[in-house]
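Undergrad: The sequence isn't on hand, but the structure is:
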């Protein structure tokens, strides 16, 4: 699986800086696959002193096989 930017079609690589819908810059750490296999899964990102999982749409990303 990989994350692709919805508008540019660029593949996002681990360690890349990406921007959320608020304009905040975070570091991309990878993808967490959805346990049910139906939902989109989550994007794992980190900021200064924290890391979280978000829906891909927060960063205008989509997850593809």
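TA: Noted; the coordinates are in hand. What you see is a predicted model, and the numbers here were worked out from it, not measured in a lab.
Undergrad: all contacts plus neighbour counts: C-alpha atoms, from now on.
TA: OK.
Undergrad: got a list of what residue 5 touches?
TA: Neighbouring residues of residue 5 by CA atoms under 8 Å, 6 or more residues apart in numbering: 11, 12, 59, 60, 61, 62.
Undergrad: Most neighbours out of those residues, which is it?
TA: Using other CA atoms under 10 Å as the neighbour test, the contacts of residue 5 are led by residue 61, with 23 neighbours.
Undergrad: So that one sits against residue 9, correct?
TA: No - counting by CA atoms under 8 Å, residue 61 stays clear of residue 9, with 9.0 Å between them.
Undergrad: thinking again about what came up before, nearest to residue 18, of the contacts of residue 5?
TA: Lowest distance from residue 18 to the contacts of residue 5 (CA to CA) belongs to residue 59, with 7.0 Å.
Undergrad: residues touching residue 35, list them.
TA: So residue 35 contacts residue 41 (CA under 8 Å, 6+ apart).
Undergrad: where does it fall, helix, sheet strand or coil?
TA: Here residue 35 is coil, with the state taken from DSSP: H, G, I helix; E, B strand; the rest coil.
Undergrad: And residue 23, by the same measure?
TA: Following three-state DSSP, the label given to residue 23 is coil.
Undergrad: How many residues are close by it?
TA: With other CA under 10 Å as criterion, residue 23 counts 9.
Undergrad: let's have the chain start at 268 instead
TA: With 268 as the first residue, the last one maps to residue 290.
Undergrad: which phi and psi does it have?
TA: When quoted as degrees, to the nearest 10, the phi and psi of residue 290 stand at phi 100, psi 0.
Undergrad: How much space separates it from residue 327?
TA: Residue 290 sits 12 Å away from residue 327 when distances are taken as CA to CA, to the nearest Å.
Undergrad: Also residue 308?
TA: 14 Å.
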